[in-house]
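In: I'd like to go over a predicted model; first the sequence, then the structure.
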Amino acid sequence: MARQLELSAEERQELQQMTQSRMLPAGDVMRARMLLLLSEGVPYREIQKRLDTTAPTISRWKKRFLELRIAGLAEERHPGQAPSVRTPKLAARILAAIKDGPQDGSTHWSCRKLAVRFRVSKDTVQRILAQAQVRPHRLERYMASDDPEFETKAADVIGLYLHPPQHAAVFCVDEKTAIQALDRLDPVLPLSPGRAERHGFEYKRNGTLSLYAALEVQTGRVHGKTAERHTSAEFVAFLDQVVSTCKPGQQVHVILDNLSAHKTAQVTAFLEQNRNVKLHFTPTYSSWLNQVEIWFARLEREVIARGIFTSVQDLARKLMRYIRAYSKTARPFRWKYSDLRRRILPANVLTATGH
């Protein structure tokens, strides 16, 4: 038998009114019933069963009632959060510090370093950086063209993408040189649930080859040719192969970079024999304007980076197999300016400092 709780007549009357109330929170009603049962000497075990509660809960509220009486029955309230320290002034100070850089010898700020510097939580710093769309941990690289005719050449190339000449074929051509035929010395362990595919660290070099690729802008299909070396003769032979896929006499526009092998006497002779072919050179240091570079990045991810090649011939065979499969479902790239303010300018008019 639990020790009986002593109640005054006024307290008992108020607790009984609380148990009959339809306006009070359910927690307040339960605590009133709990105290009335304690006053009647009902054991803890029986109270737990009737009210679906626990012995520590009964003890805690009994103790609070003995200390504060009826006033102690109010449910404990969360004190609430302290006033936010994320003020516009603090945000301005943090953003200014990011531009100046840390003074401890490191190259950039982290949220934790900024939190220590300004004596706030790292969550506060993260919210300020997210609101300002600033990510000091990220780094992007760029190459500024020094071509004095950058704007003219870039407009020429982009014009071929957006508004190609009617009834003409447009190709983006480039070479991916020195592709290594790497074979792993240890067996590859395939992926399994909870475990990624694993390659041995050591490898064997089986030689290199170059890949010539021509991406057809209108369809997205790719024409390819492998070669042991990337010479002007090989380039002209590939151009001849690409032109042969077009209708006789059809205008052919070829977008390519400024590699010396693209500007030799052999290339000039080829253009004289094929008057319907016109070359469009991208500005210097602007290979990103050539759509075939996008495809090369995909080739690197899907074939070369994790590929295993027992010989140069095996490498060539797998490259050409991928090109044939890709061209069956190829789709053209769609180029557009999403933000005209984010333009790559020639180096002589570039005012921002790049890092």
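Out: Ah, there it is. Residues are numbered from 1 along each chain as shown.
In: give me the distance from stretch 194-202 to the chain's centre.
Out: Chain-centre distance of stretch 194-202: 23 Å, with Cα atoms, centre = their mean, to the nearest Å.
In: ditto for stretch 219-234
Out: How far stretch 219-234 lies from its chain's middle: 32 Å, per Cα atoms, centre = their mean.
In: need the contact partners of it.
Out: 171, 175, 177, 209-216, 237-238, 241-242, 245, 261-262, 264, 266-267, 292, 295, 312, 315-316, 319-320, 323, 326-327, 330-333 (Cβ atoms under 8 Å, 6 or more residues apart in numbering). To be clear about C-beta, it is placed using only N, CA and C from the backbone, and glycine gets the same treatment.
In: just the endpoints, please. Distance across that stretch?
Out: Taking Cα to Cα, to the nearest Å, stretch 219-234 runs 25 Å from one end to the other.
In: and stretch 109-123, by the same measure?
Out: Span of stretch 109-123 from end to end, Cα to Cα: 15 Å.
In: how about it: buried residues?
Out: 109, 111, 113-115, 117-118, 120 (16 or more other Cβ atoms under 10 Å).
In: and the longest helix along the chain, what does it pack onto?
Out: When the chain is parsed with DSSP state H, its longest helix is helix 312-328. When contacts are defined as 3 or more Cβ pairs under 8 Å, 6 or more residues apart in numbering; DSSP states H and E, helix 312-328 packs onto strand 169-184, strand 203-216, strand 222-227.
In: switch to 6 Å and redo it
Out: strand 203-216, strand 222-227 (3 or more Cβ pairs under 6 Å, 6 or more residues apart in numbering; DSSP states H and E).
In: could you dump the last one to PDB, C-alpha only?
Out: Listed in PDB are the C-alpha atoms of strand 222-227, where the atom choice follows Å, rounded to 0.1, in the frame of the first residue of the first chain:
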ATOM      1  CA  VAL A 222      29.300   9.700 -83.500                       C
ATOM      2  CA  HIS A 223      31.700   8.500 -86.200                       C
ATOM      3  CA  GLY A 224      35.000   7.100 -84.900                       C
ATOM      4  CA  LYS A 225      38.400   5.800 -86.000                       C
ATOM      5  CA  THR A 226      41.300   4.600 -84.000                       C
ATOM      6  CA  ALA A 227      44.900   5.200 -84.900                       C
END
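In: can you pull out the helices in the stretch 151-300 of the chain?
Out: 232-243, 265-273, 292-299 (DSSP state H, counting those that start in this stretch).
In: got those as a markdown table, with mean pLDDT, mean neighbour count and distance to residue 159 columns?
Out: A markdown table is the format used below for the helices of the stretch 151-300 of the chain (pLDDT from 0 to 100; neighbours: other Cβ atoms under 10 Å; distance: least, Cβ to Cβ, whole Å):
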| stretch | mean pLDDT | mean neighbour count | distance to residue 159 |
| --- | --- | --- | --- |
| helix 232-243 | 93 | 18 | 21 |
| helix 265-273 | 93 | 13 | 21 |
| helix 292-299 | 94 | 18 | 17 |
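In: mind putting the ones you listed in JSON lines, distance to residue 182 included?
Out: Formatted as JSON lines, these follow (distance: least, Cβ to Cβ, whole Å):
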{"stretch": "helix 232-243", "distance to residue 182": "23"}
{"stretch": "helix 265-273", "distance to residue 182": "32"}
{"stretch": "helix 292-299", "distance to residue 182": "15"}
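In: looking at those helices, which is nearest to residue 257?
Out: Judged by Cβ to Cβ, the one of the helices of the stretch 151-300 of the chain that comes nearest to residue 257 is helix 292-299, at 9.0 Å.
In: and that closest one, how far out from the chain middle?
Out: 18 Å.
In: residues making contact with it?
Out: Residues from elsewhere that reach helix 292-299, judged by Cβ atoms under 6 Å, 6 or more residues apart in numbering: 172, 174, 176, 213, 215, 287.
In: filter those down to the buried ones, ChimeraX style.
Out: The ChimeraX command for the buried members of the contacts of helix 292-299 (criterion: 16+ other Cβ under 10 Å) is given here:
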select :172,174,176,213,215,287
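In: for the contacts of helix 292-299, which one is nearest residue 69?
Out: Checking these one by one against residue 69 (Cβ to Cβ), the nearest turns out to be residue 287, at 82.3 Å.
In: and that closest one, what's its pLDDT?
Out: Among the per-residue scores, residue 287 holds a pLDDT of 85.
In: now swap in residue 217 and tell me
Out: 93.
In: how about it, phi and psi?
Out: Phi and psi for residue 217, reported as degrees, to the nearest 10, are phi -60, psi -40.
In: what is the neighbour count of it?
Out: Neighbour count of residue 217, defined by other Cβ atoms under 10 Å: 20.
In: wait, it sits on residue 168?
Out: No - judged on Cβ atoms under 6 Å, residue 217 makes no contact with residue 168 at a distance of 10.0 Å.
In: mark out where each domain of the chain begins and ends.
Out: Residue ranges for each domain of the chain read 9-73, 88-132, 150-335+344-348, as given by automatic domain parsing.
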